[in-house]
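> Sequence first, predicted coordinates after that:
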Amino acid sequence: MITQLKPLFILLLMSFGVSLNAQSNKTAYHPKFSSINQFAQEAYAEDASVLVLENDYKLKFYKDLFENRLRIVQLDQEPANYDYLSSVPAYNQDAMQPKEQFNPSKFNPLNYKLNYFSKGEKLYYRVYETNYYIVIKKFDPTKIK
């Protein structure tokens, strides 16, 4: 009898594992590099060209950041270490999203003084009291080409 239940038990465990995996892998958002002009204008206003748009290295840096290293995700459990986004200074207070209306697709990463140059583990920034986190993977300068 027990040997007959073993395949059923394994099937139940596998489906439970798939269910948990699906629950914790929610859709991740990453900023589009095609929005770099808009992001730079919102954050730096008249200094956008000098600080970002006319600087080849910074354009390559932000392209790598947006496409490979920065994600906004919803997590079911808090990471062991994180900072609150609200503790990070912003360049333009008017470009910040209201706490109650956070929308990851409208988040401007250039507006915040986030640590984009960490060479350690991933960094997490909790977005207010939501379950959204900005996740930044470590910086590898050799990948900026």
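Ah, there it is.
> burial of Tyr44, as a residue count?
The burial metric for Tyr44, expressed as a neighbour count using other C-beta atoms under 10 Å, is 19. All C-beta spots, glycine's among them, are computed from the backbone N, C-alpha and C.
> Distance-wise, check the closest residue to it other than its chain neighbours relative to Lys63.
Of all residues not flanking Tyr44 in the chain, Leu51 sits nearest, at 5.1 Å (C-beta to C-beta, 6 or more residues apart in numbering). Here Leu51 is placed at a distance of 16 Å from Lys63 (C-beta to C-beta, to the nearest Å).
> what's the answer for Ala40, then?
Distance, Ala40 to Lys63, by C-beta to C-beta: 13 Å.
> next one: Tyr84
Relative to Lys63, Tyr84 is positioned 27 Å away (criterion: C-beta to C-beta).
> Look at these two and report which has more neighbours.
Set Tyr84 next to Lys63 and count neighbours by other C-beta under 10 Å: Lys63 wins out with 14 against 11.
> element containing the more buried one?
Applying DSSP states H and E as the criterion places Lys63 in helix 56-64.
> So which residues of the chain form helices?
All helices of the chain, identified by DSSP state H, fall at 2-24, 36-44, 48, 56-64.
> Against which helices or strands is the third one packed?
Applying 3 or more C-beta pairs under 8 Å, 6 or more residues apart in numbering; DSSP states H and E, one finds that helix 48 contacts helix 36-44.
> ok, Asp76 to Phe39 distance?
When Asp76 is compared with Phe39 (using C-beta to C-beta), they lie 29 Å apart.
> Identify the residues contacting Glu78.
Applying C-beta atoms under 8 Å, 6 or more residues apart in numbering, one finds that Glu78 lies in contact with Arg126.
> May I have the distance across stretch 105-121, first residue to last?
Between the opening and closing residues of stretch 105-121 we find a distance of 25 Å, counting by C-alpha to C-alpha, to the nearest Å.
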